[in-house]
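> Fold the following.
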Amino acid sequence: MAFDFDFELLQELTETSGAPGYEDRIRNIVRRELDGEVDEIHIDAMGNVVGTVEGTTDYEVAVPAHMDEIGFMVTHVDDDGFLSIDSLGGWDPRVLRAQRVTVHTEDEDLTGVIGSMPPHLLDDEDEQEVSDVYIDLGLPAEEAESRVSVGDIVTMEQTTTRIGEHVTGKALDDRVCLFAMLEAAKRIENPDVTIHFCATVQEEVGLRGAEALGVDIDPNLAIALDVTVANDIPGVTKEKDHVTNLGDGTAIKLKDGSVVTTPKVHRRLRSLAENRDIEYQLEVLPSGGTDTAGFQNTHGAKPVGAISIPTRYLHTVTESAHGDDVSATIDLLTAFLETETGEHDYSL
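All right, here's what the predicted structure looks like:
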């Protein structure tokens, strides 16, 4: 049943660049996809996009998924034309060697490569840090200095493709969940409650967009979407360390490093999944934060829940998710929103 969804839209979302604070291209896609599917589209001063579907009651639900991907900012262009960079979000330096990147200047996109020291020149103790990384544009020094400025943004360059039952590429974190949110928005008709579909910014640098949006919207309930760890790979021998497994269904979050979800919310998600025969698993993530926390206590206490898509190889250019898990996430989110009346008791 894998890939019973709009793969071309998912491909466009993941291949398009949008680092924290510079989500413009993704924002344009979100606006395009929400146009005609929601009653109102609003963009705030940070760049969060909110598509609102008006309900018949005063109860309001926020559904955040973040637009940004991890990237870099240029800090220096040296006398030989090589670029130094600073990270925007969390990178494992080991995955950066010999990768192709795009440098986004004010006027153009330039392709570059991340330089890699020849192996025979490295000592066993040598470990690359992000601060050691440089970008080679293949340009003469004077031309590099004239075309690139400090503050220009850098993202990884990668295509998104299917491998077996999986989809793999860059920026599935969190574009695959942004995709699920957009697909649910297209399915929802005449809800009882008002639903705010929220494409948030700057999650990878501290949940900043969600925290601002939690105040501006001030919903009664939030159901956040993000990817989660799937360590079901060779070398991780203890099943408890897998967190989730690809192909076992959408993940209903119980906790992560930033939030403990509201018990009655995640119990309703579980009950709904079982009643609708939607495959699911439970997520207990030891560390890491999500937009869920940005809505829980930003402007007074709120009940929150979260649905996650299990993903292998997070924060690399080969992030991988199972097609059936993507479909299950869309199905569960849609079912939850369609059955939310504003009368469910989420109190403790």
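> going forward, measure contacts between C-alpha atoms and count neighbours the same way
Will do.
> where along the protein do the helices fall?
In the chain, the helices defined using DSSP state H lie at 7-15, 24-34, 141-147, 172-187, 208-217, 263-275, 291-296, 323-339.
> so residue 293 makes contact with residue 255?
No. Residue 293 lies out of contact with residue 255 (CA atoms under 8 Å); the separation is 10.1 Å.
> right, so of the helices of the chain, which gets closest to residue 90?
Among the helices of the chain, the nearest to residue 90 by CA to CA is helix 172-187 (11.9 Å).
> Alpha carbons only: can I get the closest one in PDB?
Taking Å, rounded to 0.1, in the frame of the first residue of the first chain, the C-alpha atoms of helix 172-187 are listed here in PDB:
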ATOM      1  CA  LEU A 172      12.000  14.800   5.400                       C
ATOM      2  CA  ASP A 173      12.500  16.500   8.800                       C
ATOM      3  CA  ASP A 174       9.900  18.000   8.700                       C
ATOM      4  CA  ARG A 175       8.600  18.300   5.200                       C
ATOM      5  CA  VAL A 176       7.100  14.900   5.200                       C
ATOM      6  CA  CYS A 177       5.000  16.000   8.200                       C
ATOM      7  CA  LEU A 178       4.300  19.300   6.500                       C
ATOM      8  CA  PHE A 179       3.000  17.200   3.600                       C
ATOM      9  CA  ALA A 180       0.800  15.200   5.900                       C
ATOM     10  CA  MET A 181      -0.700  18.400   7.300                       C
ATOM     11  CA  LEU A 182      -1.400  19.700   3.800                       C
ATOM     12  CA  GLU A 183      -3.000  16.500   2.700                       C
ATOM     13  CA  ALA A 184      -5.300  16.500   5.800                       C
ATOM     14  CA  ALA A 185      -6.200  20.100   5.100                       C
ATOM     15  CA  LYS A 186      -7.400  19.000   1.700                       C
ATOM     16  CA  ARG A 187      -9.600  16.200   3.200                       C
END
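> ok, residues contacting it?
Under the criterion CA atoms under 8 Å, 6 or more residues apart in numbering, residues 9-10, 13-14, 30, 33-34, 37-38, 63, 65-69, 197, 199, 225-227, 308-309, 314-315, 319-320, 326, 329-331, 333-334 lie in contact with helix 172-187.
> Hey, what's the angle from that helix to helix 323-339? Just curious.
40 degrees (axes from the mean of the first three to the mean of the last three CA atoms, to 10 degrees).
> Quick check: buried residues in helix 172-187?
172-185 (16 or more other CA atoms under 10 Å).
> Stretch 313-333 too?
Of all the residues in stretch 313-333, those buried under the rule 16+ other CA under 10 Å are 313-333.
> now that stretch: mean pLDDT?
Per-residue pLDDT values across stretch 313-333 average out to 97.
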